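K.L.:
Sequence first, then the predicted structure, then my questions.
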Amino acid sequence: MTDAPDEKLASDALVVFGMTGDLVYKKVFPALYQMVKRDGFDVPVVGVASTPMTKAQLRKRITDSVKSSGKVDDQPALVTMSK
């Protein structure tokens, strides 16, 4: 076994169970938006849900969630978040 150079490999991801549920809609999406807005969130998100949903439907749900929280003041952050 050899020591790796001082190179850091990112292997983090946020796994969200219930991605299409109410709790994520009301609390998690707005919180993630705030983190993206502050440049403090650069981790892939893996969503798990039992309700079938297309990518377009999920993107719309994310946008609707953040807008309904009344805190949309950074449109590029919202676009980044719903990629």
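P.N.:
Now that the structure is in, tell me what you want to look at. Numbering: from 1, shown residues only.

K.L.:
Spell out, range by range, the strands that occur in the chain.
P.N.:
Taking DSSP state E as the criterion, the chain contains strands spanning 14-17, 45-48.

K.L.:
Now do the first one: distance to the chain's middle.
P.N.:
This points to strand 14-17. 9 Å (CA atoms, centre = their mean, to the nearest Å).

K.L.:
Now do the longest helix anywhere in the chain: everything it contacts.
P.N.:
In terms of residue count, the longest helix belonging to the chain (DSSP state H) is helix 55-68. Identification of contacts with helix 55-68 by CB atoms under 8 Å, 6 or more residues apart in numbering yields 19-20, 24-26, 29-30, 33, 47, 53, 72, 78, 81-82. Where you see a C-beta, it was placed from the backbone N, CA and C, and this is true even at glycine.

K.L.:
Okay, buried residues for that helix please.
P.N.:
Buried residues in helix 55-68, counting neighbours by 16 or more other CB atoms under 10 Å, are found at Arg61, Ile62, Thr63, Ser65, Val66.

K.L.:
Stretch 25-45 now?
P.N.:
Tyr25, Val28, Phe29, Pro30, Leu32, Tyr33, Gln34, Met35, Val36, Lys37, Phe41.

K.L.:
Give me the lowest-pLDDT entry from those.
P.N.:
Checking pLDDT across the buried residues of stretch 25-45, the minimum falls on Phe41 at 83.

K.L.:
ok, how many other residues are close to Val79?
P.N.:
12 (other CB atoms under 10 Å).

K.L.:
how far away is it from Val66?
P.N.:
11 Å (CB to CB, to the nearest Å).

K.L.:
swap in Val24?
P.N.:
Counting by CB to CB, the gap from Val24 to Val66 is 12 Å.

K.L.:
With Ser82 instead?
P.N.:
9 Å.
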